Structure formats: C-alpha cells, structure tokens
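**Student:** Have a look at this prediction, sequence included:
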Amino acid sequence: MPGPPPIPQDVLAARGSWRAKTRGAMPCVAPGAPVCPIWLPTEAREVWARLVPELEALGVLAAIDANALARYCVTWVRWRAAELALEVGGSTFVAKSGAPRPRPEVAIATTLAAALGKLERDLYMTPSSRSRLVVAAPRVESDGEKKIKKFKLS
C-alpha cells in the first residue's frame, strides 16, 4: 500500500494523540525474545545471538518477530560474504573485450544492503527509526490505581 505504515495504537496513545481513540482494536503482541530457528546457519546464529539481547533491551521484540529477525541474520551473512569478495577481488574485472566491468558482487551487495536497510528500519535498528519509538514502561501500582510511566528512546 502507498504511504507510510500505520502507527500502532499504543504508540499513538503514548504520544497523547486523539487518533488512538478513533481506531479499532489493534492486535497486541506480548514482548519477549523469539526462539532462534534450528535451520539458521552457524554464522547467522552468531548474528542472532548478538542482536536479540540488544533488541530485547529496547523492548521492541516479540516471539512473532522470529522470521523477520531470521531473514535479517541470513541477509547480513550473505551481504558480508559479498563485501568480503569485493575486498579480496576488487570491485571491477577486465572483460574479454578488455573493458573494465563491475563484478557481480557489487550488484549483489547493493541489493542485500537495501534489504538490510528495510529490515533494520522495521526492527528499530537505525537511529532514525529509534527516534520515533515510544515504549511504555512496566505498570506501577500507585495509590490503588495502575499508571503507565512513558518515556521516549532516542
């Protein structure tokens, strides 16, 4: 669909927006770390192990995010392999005609970098995506009523 993705209802409510009341109930997912898929390659598992604690500390991770995070890890490993090939072989080669041509890894690395950028934005892994992130702190009981303490991550 064209345009920016819709802002979740709880984020709108945390911002104090009147639009939070006009939307129907949106699905709510309990936060928590997803389980690493067993099919994930070893190098991708290392990326997973590095990212999950950091994303969990931000409070943006849920069990349902396992597939997106797995795609990110596999894509990162492939992008890094393409970049290593470029470091070793350079970004061009000489064709049979004698003209310099870009190596195929240049296009591969560019395509994978674009995919990584989209996944990083979706998983709040870029500074700009984190600047728009509002997370509610755990509920605290005070004087018999529950209150939510709000803070903005930047």
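**Tutor:** Done, it's in.
**Student:** where do the helices sit along this protein?
**Tutor:** 9-15, 19-22, 42-58, 66-89, 104-122, 127-131 (DSSP state H).
**Student:** how about these, which one is nearest P2?
**Tutor:** Among these, helix 104-122 comes nearest to P2, with 15.9 Å by CB to CB. For every residue, glycine as well, the C-beta is placed using N, CA and C.
**Student:** So R71 is in contact with L119, correct?
**Tutor:** Yes - using CB atoms under 8 Å, R71 is in contact with L119, at 6.4 Å.
**Student:** Quick check: which ranges of the chain have low pLDDT?
**Tutor:** Applying pLDDT under 70 to the chain picks out residues 1, 24-27, 132-154.
**Student:** coming back round to it: as CSV, the helices of the chain with mean neighbour count and distance to P34 would be great.
**Tutor:** Output for the helices of the chain, formatted as CSV (neighbours: other CB atoms under 10 Å; distance: least, CB to CB, whole Å):
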stretch, mean neighbour count, distance to P34
helix 9-15, 17, 20
helix 19-22, 12, 27
helix 42-58, 15, 7
helix 66-89, 17, 4
helix 104-122, 15, 14
helix 127-131, 11, 19
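**Student:** Which among the ones you listed is found nearest to S97?
**Tutor:** Nearest of the helices of the chain to S97, taken as CB to CB: helix 104-122 at 16.9 Å.
**Student:** could I have the closest one exported to PDB, CA atoms only?
**Tutor:** Provided in PDB are the C-alpha atoms of helix 104-122 (Å, rounded to 0.1, in the frame of the first residue of the first chain):
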ATOM      1  CA  PRO A 104      28.600  -9.300  -9.900                       C
ATOM      2  CA  GLU A 105      29.200  -9.000  -6.200                       C
ATOM      3  CA  VAL A 106      28.700  -5.200  -6.500                       C
ATOM      4  CA  ALA A 107      25.100  -5.600  -7.500                       C
ATOM      5  CA  ILE A 108      24.600  -8.400  -5.000                       C
ATOM      6  CA  ALA A 109      26.000  -6.300  -2.200                       C
ATOM      7  CA  THR A 110      23.900  -3.300  -3.200                       C
ATOM      8  CA  THR A 111      20.700  -5.400  -3.300                       C
ATOM      9  CA  LEU A 112      21.400  -7.000   0.000                       C
ATOM     10  CA  ALA A 113      22.300  -3.700   1.600                       C
ATOM     11  CA  ALA A 114      18.900  -2.300   0.500                       C
ATOM     12  CA  ALA A 115      17.100  -5.300   2.000                       C
ATOM     13  CA  LEU A 116      19.100  -5.000   5.200                       C
ATOM     14  CA  GLY A 117      18.100  -1.300   5.500                       C
ATOM     15  CA  LYS A 118      14.400  -2.100   5.200                       C
ATOM     16  CA  LEU A 119      14.700  -4.900   7.800                       C
ATOM     17  CA  GLU A 120      16.700  -2.600  10.100                       C
ATOM     18  CA  ARG A 121      14.100   0.100  10.000                       C
ATOM     19  CA  ASP A 122      11.300  -2.500  10.600                       C
END
